[in-house]
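Q: Generate coordinates for the sequence data below:
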Amino acid sequence: MGIMYYGGDATPIHIEDRALAHLKVVIATKLRRGEKFTLSWRHPEDQPRGRSTIWLHPSIPLRFVFDEPEPPQLSREWIEELANSANSSGGIMLVPEHLDPATTKKSGQK
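A: You can find the predicted model right below:
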C-alpha cells in the first residue's frame, strides 16, 4: 500500500502502489504544466464509507511513498483514462484499472 502526503496535512492518503504509480504520472504532468485540479477517491473498505477530494496546486508540497522498491509496468490506457478525467470539470477520479482478460493471461497476471 502506497502513501501520498499532501501539503502540511500529516494525514497520509493510502492508495494501492499500482494505482498510486499511475496517479503520480498524471498528477506530475499536470502540476509540471502549472495546472490546478481536484483528485477524488472512494474510501477503502477498512475506513468509514464515503469519498474524499483534495485540491492539487503546484505550490503545495506533494510526496509519494511506495511499498514496492521497483516501479510497476504502467498501463497507457489507465493513464489516459485518469488524464481524461483530470481534464474534466470534476477533476481526477481514481477509478479501478480495466484489465483486458486476453492481455492478463498472456502476462501471467491474475
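
Q: centroid residue for this structure?
A: Leu23 (2.9 Å; C-alpha atoms, centre = their mean).

Q: Not counting its own residues, what contacts the one helix or strand Ile3 maps to?
A: Per DSSP states H and E, Ile3 falls inside strand 2-6. Contacts to strand 2-6, defined as C-beta atoms under 8 Å, 6 or more residues apart in numbering, come from residues 12-17, 19-21, 23, 54, 56, 60-67. The C-beta positions use only the backbone N, C-alpha and C, and glycine is treated the same way.

Q: Helices along this protein, start to end?
A: 17-32, 76-86, 101-107 (DSSP state H).

Q: looking at those, which is buried most?
A: Ranked by mean neighbour count, those are led by helix 17-32 with a mean of 18 (mean count of other C-beta atoms under 10 Å).

Q: Could you name the helices and strands sitting against it?
A: When contacts are defined as 3 or more C-beta pairs under 8 Å, 6 or more residues apart in numbering; DSSP states H and E, helix 17-32 packs onto strand 2-6, strand 37-42, strand 51-56, strand 62-65, helix 76-86, strand 92-93.

Q: how big is the angle separating that helix from strand 37-42?
A: Put simply, helix 17-32 runs at 160 degrees to strand 37-42, going by axes from the mean of the first three to the mean of the last three C-alpha atoms, to 10 degrees.
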